[in-house]
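In: have a look at this prediction, sequence included:
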Amino acid sequence: MRKTGLVGRMTIMTFTFFMLFLVIAFFFEGTFFESFYLQEKINSISKQVGEFGSTYKNSNWENQELKDNMNLFNTVNGIEVTVLDENANIKNETIYEIVIETTDKVIYRLQLNHALNENSERIISLHLGDYIRADGIHWPSSQMIFKPLRITEDATDIISVVDDISGLDYVEGTIIGLTIPSYTEINSAFYKQPIREVVLDFVIKHGENYPWLNESGVYEETYPNALLNRLIFFHPLGTSSDREVVFAIGSQRHIIEAKDILSDYHVYILILSFVLIVFLSYFYSMTLMKPILRINNAAQKMAKLDFTEEIEVKRKDELGSLSESLNTLSTNLSTSMEKLQDANIQLKKDIEKERKLENLRKEFVSGVSHELKTPLGIIRGFAEGVRDEVFEDSTYYLDVIIEETEKMDALVVDMLELSKLESTNFKITKKEFDLIRLIEFVINKFEYSLKEKNLEVTLKRHTHKTICFADEFRIEQVLVNYMSNAIRHSKRNEIIKLDVTENDNKLICHIENIGDPIPEEKIEKVWNRFYRVEASRNKVDGGTGLGLAIVRNIIELHQTDFGVKNTEKGVRFFFSVDMEEA
């Protein structure tokens, strides 16, 4: 069986793609167009109703102005709109009501505008002094029956909107005020306005919450004939004390009609699209595929850095120009690639060298700044004490100052060595010394800092063995960094706890401060160079982030353990040292 050629396959694929796209487009149009258009229309009308409400609220329209603007809104948008007052009556409409006084001397108002119908002519027979009973909906926080669904006099129905009055509020009393429509007004059927039907439906749903209504809304009235479906919008204005509501009615007729018109054209569009797609797919494939294949072969070789292929140029159009450009590009790339590769290699070396130098410089500056601050603080504290004659015998403190100065000098050299740990071997000098004595010595050096925050230090030893085998000067650095860290992060008037235990031929020193814990996601990062839990670069608050990195390097050189964990009240750091030479 003869295989379909590339042009044929391209034609079939192109035809299939466009037909599938067309079918999917028609499917989604038929499925979602109505709901999409409806939702867009709802959003648009809701926005227009909200804008109308805002304009009305800010403009203080008089009655005629409000009527004119409502008519203008209806003309421009094809939407009937009205405004309800605080008692849910249509704005600017004559309020018909009956005022009665109960036997308890309580006065009630019976609002009639939403209760009248074609059978309400008997209401004209009522007079002042008549005794009536009214069953209806009691308006919240008022002495008003908003919609008296039944009014009776001597067991005779004057108004009867419903047959079942169970669950309704009722009042009865003597008529002391009467504002009722005339016979002509009742026969004019003013109560049959579509907007009034909307108000009635809304009051039934939301009447009890009307004064506290805070959100706009929309709901749909559906009928067996979809052309009669209506969208009902309401938009509250003001507060519960002066609540007003903007109402609007929009029809779905134009949406349904637009969908029907589009459906009639689908058949013709499909036939025309089928013919055009077949022709265009074949023409497109025949025109483009042959030169594209030649260009593609050359491009694939170029992608593999093979620039020996040259495209045969037979066309004078864009594809021919593209072929010539690719040939020129191939020649230029072939010539330039070697130079570019050499330059790129050299550039990478230069960049890497510069990056390493910059990192070394930053690490050195930060490390020296961090490590010199603590001894400088001690020197300053003791020097101020000597200057202020706080000590009777200043010889010891002057010796400490001299000693710290010497250590700073040695520390600068050590920082240079420490910054090279990743590339060279840094050797430590181990010897036997008393770890407890060293801890006490370090605590004494922080006497001034501890007094500043009124901190107490406790040291507990849980083993009688205190001799360890390590680099004393480096372990002192570890203790100084841990103590500095503990003091910095301790709350005032708290305790810093130090414990020394023995395990597996190692002495383990714990230092715990009471303060804020370290977030669990950051606890393993505190050992990184220049990493700080605090965002601030302030040395008093968060340090430079190098101290714990130095601790890590020192302990790793000792090949022992170190770590940190959150406790119930703060944070505990630890490190271990060998008790004897391995």
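Out: Perfect, thanks for sending it. Numbers count the residues shown, from 1 in each chain.
In: show me what contacts the closest residue in space to residue 558 that isn't next to it in sequence?
Out: Among residues not flanking residue 558 along the chain, residue 470 sits closest, at 5.7 Å (Cβ to Cβ, 6 or more residues apart in numbering). C-beta here means a position set from N, CA and C on the backbone, and glycine is covered the same way. With contact set as Cβ atoms under 8 Å, 6 or more residues apart in numbering, residue 470 has these partners: 428, 430, 431, 433, 558, 577, 578.
In: for the last one, phi and psi?
Out: Put plainly, it is residue 578. phi -70, psi 140 (degrees, to the nearest 10).
In: who's it bridged to?
Out: residue 506 (DSSP bridges).
In: so what's it up against?
Out: 468, 469, 470, 505, 506, 558, 560.
In: do the first one as well
Out: Residue 428 makes contacts with 470, 471, 474, 554, 557, 558, as judged by Cβ under 8 Å, 6+ apart.
In: most neighbours among those, which one?
Out: Highest neighbour count within the contacts of residue 428: residue 470, with 28 neighbours (other Cβ atoms under 10 Å).
In: quick check: that residue vs residue 49, distance?
Out: Applying Cβ to Cβ, to the nearest Å, the value for residue 470 to residue 49 is 81 Å.
In: you'd agree residue 13 is in a strand?
Out: No. Assigned with DSSP: H, G, I helix; E, B strand; the rest coil, residue 13 falls outside any strand and is helix.
In: how much space between it and residue 281?
Out: 8 Å.
In: and these two? Which one has more around it.
Out: residue 281 (20 against 12).
In: residue contacts, the closest residue to that one other than its chain neighbours?
Out: Nearest non-adjacent residue to residue 281, counting by Cβ to Cβ, 6+ apart: residue 14, 3.9 Å away. Contacts of residue 14 were listed using Cβ under 8 Å, 6+ apart, and they are 277, 280, 281, 284, 285.
In: now list the buried members of these.
Out: Neighbour counting by 16 or more other Cβ atoms under 10 Å classes 277, 281, 285 among these as buried.
In: okay, and which of those map to helices?
Out: Mapping the buried ones among the contacts of residue 14 onto helices (DSSP state H) picks out 277, 281, 285.
In: who's in contact with stretch 568-575?
Out: 478, 482, 485-486, 489-490, 508-518, 551, 555, 560-566.
In: circling back to that earlier point, got the ones in helices among the buried ones among the contacts of residue 14 as JSON lines, with distance to residue 440 and pLDDT columns?
Out: Putting these into JSON lines (distance: Cβ to Cβ, whole Å; pLDDT from 0 to 100) gives the following:
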{"residue": "277", "distance to residue 440": "92", "pLDDT": "76"}
{"residue": "281", "distance to residue 440": "91", "pLDDT": "73"}
{"residue": "285", "distance to residue 440": "90", "pLDDT": "70"}
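In: which non-adjacent residue is nearest residue 124?
Out: Residue 124 sits nearest to residue 183 (Cβ to Cβ, 6+ apart), 5.8 Å away.
In: what of residue 22?
Out: Residue 22 sits nearest to residue 273 (Cβ to Cβ, 6+ apart), 5.4 Å away.
In: how many residues are close by that neighbour?
Out: 17.
In: now swap in residue 480 and tell me
Out: There are 21 residues near residue 480, going by other Cβ under 10 Å.
In: tell me the contacts of it?
Out: Contacts of residue 480 (Cβ under 8 Å, 6+ apart): 374, 442, 445.
In: I'd say residue 52 and residue 73 touch.
Out: Yes. In terms of Cβ atoms under 8 Å, residue 52 counts as a neighbour of residue 73; the distance is 5.7 Å.
In: you'd agree residue 550 is in a helix?
Out: Yes. According to three-state DSSP, residue 550 belongs to a helix.
In: any idea how far it is from residue 481?
Out: 6 Å.
In: all strands for the stretch 151-300 of the chain, in order.
Out: 156-160, 169-179, 217-221, 230-237, 244-251 (DSSP state E, counting those that start in this stretch).
In: so which of those gets nearest residue 66?
Out: Of all these, it is strand 244-251 that lies closest to residue 66, at 10.9 Å by Cβ to Cβ.
In: in space, what's closest to residue 552 - neighbours in sequence excluded?
Out: Counting by Cβ to Cβ, 6+ apart, the residue nearest residue 552 is residue 527, at 4.4 Å.
In: where does the one you found fall, helix, sheet strand or coil?
Out: The three-state assignment at residue 527 reads coil, by three-state DSSP.
In: my read is that it contacts residue 553, right?
Out: No. The criterion here is Cβ under 8 Å, and residue 527 misses it with residue 553 at 9.2 Å.
In: low-confidence ranges in the stretch 51-200 of the chain?
Out: Applying pLDDT under 70 to the stretch 51-200 of the chain flags residues 141, 162-165, 167, 187-194, 197, 200.
In: for it, just list every one of the helices.
Out: 63-77, 183-187, 194-206 (DSSP state H, counting those that start in this stretch).
In: now these as TSV including mean neighbour count?
Out: Formatted as TSV, those follow (neighbours: other Cβ atoms under 10 Å):
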stretch	mean neighbour count
helix 63-77	14
helix 183-187	13
helix 194-206	16
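In: I'd say residue 90 and residue 96 touch.
Out: No. With contact defined as Cβ under 8 Å, residue 90 does not count as touching residue 96 (11.6 Å).
In: what touches both of those two?
Out: Common neighbours of residue 90 and residue 96 (Cβ under 8 Å, 6+ apart) are residue 113.
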